[in-house]
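Peer 1: Just to be clear, the model below is a prediction. Sequence and coordinates:
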Amino acid sequence: DAGVTQSPTHLIKTRGQHVTLRCSPISGHKSVSWYQQVLGQGPQFIFQYYEKEERGRGNFPDRFSARQFPNYSSELNVNALLLGDSALYLCASSANTGTANYGYTFGSGTRLTVV
Amino acid sequence: EDQVTQSPEALRLQEGESSSLNCSYTVSGLRGLFWYRQDPGKGPEFLFTLYSAGEEKEKERLKATLTKKESFLHITAPKPEDSATYLCAVQAGNTGKLIFGQGTTLQVKP
């Protein structure tokens, strides 16, 4: 059974550009969360979606947006990229929004570099 | 404010030298405390979930414990393949938001 898949794996963008990152959760999982991990730090929560509705938002500017599709896959969009947006973007899936007995399963991430 | 602090930031051990990693947390309404392992350039890999003070879980050379203020990840007789960054996270309230510590980077030398 496939785990959480993210695409692309690596991406280089120029300041001011827009980027779209994609995530497919584990089959049967209805919740997708997005995290930003800057080098040397722990992941920071950006969004959670469940059943296509936003269930939580972290302390990120409005340049960050996301959505979830009927098949439970998700996109994270970032507009007007800044150098400080360079990070590993992680997607995590779970069966629901509550505490997951087996944890939240993370994908391998998308490494975004803004130049 | 909900907060997670891990110590030490980095730990170097000789193979077979047991030690513990600490995760201190301040959170309103703890719903779960998670330990993850992360290898360079990869996503975090789930290890344990702990729910209440006094709970313990084990997996191979790892054992996680939980009190009302902190959690410990004990590593017994570590091997070089245990080298990784270990992340602690808490879930609070009714959201799925995880609050992570900054991680402990463990290096085990043969």
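Peer 2: Okay, I see it.
Peer 1: rest of the way, CA atoms for contacts and neighbours
Peer 2: Will do.
Peer 1: got the contact list for residue B:33?
Peer 2: Residue B:33 makes contact with B:49-51, B:88-91, according to CA atoms under 8 Å, 6 or more residues apart in numbering or on different chains.
Peer 1: Relative to residue A:17, which of those residues is nearest.
Peer 2: residue B:89 (32.2 Å; CA to CA).
Peer 1: mind listing what the helix or strand hosting the closest one pairs with, with the direction of each?
Peer 2: Counting by DSSP states H and E, the element that carries residue B:89 is strand B:84-92. With DSSP bridges as the test, strand B:84-92 is paired with strand B:30-38 (antiparallel), strand B:98-100 (antiparallel), strand B:104-109 (antiparallel).
Peer 1: Just say which of the ones you listed is most tucked in.
Peer 2: Of all the strands paired with strand B:84-92, strand B:98-100 carries the top mean neighbour count, a mean of 23, counting by mean count of other CA atoms under 10 Å in any protein chain shown.
Peer 1: among the helices and strands of chain A, which has the poorest mean pLDDT?
Peer 2: Of all the helices and strands that make up chain A, strand A:53-57 has the lowest average by mean pLDDT, DSSP states H and E, namely a mean of 91.
Peer 1: Please name the nearest non-neighbouring residue to residue B:65.
Peer 2: Distances taken as CA to CA, 6 or more residues apart in numbering or on different chains put residue B:56 closest to residue B:65, at 4.5 Å, once the chain neighbours are dropped.
Peer 1: Surely that neighbour and residue B:49 touch.
Peer 2: No - Residue B:56 is not in contact with residue B:49 according to CA atoms under 8 Å; the separation is 9.5 Å.
Peer 1: The two: who's more crowded?
Peer 2: residue B:49 (27 against 18; other CA atoms under 10 Å in any protein chain shown).
Peer 1: Near chain A, which residues of chain B? Just list them.
Peer 2: For chain B, the contact set with chain A under CA under 8 Å from any CA of the partner chain comprises B:31-32, B:34, B:41-46, B:48-49, B:87, B:91, B:94-103.
Peer 1: in chain A, which spans are strands?
Peer 2: With strands called from DSSP state E, chain A shows them at A:5-7, A:10-13, A:19-24, A:31-37, A:44-50, A:53-57, A:64-68, A:74-78, A:87-94, A:105-106, A:110-114.
Peer 1: Appreciated, that's everything.
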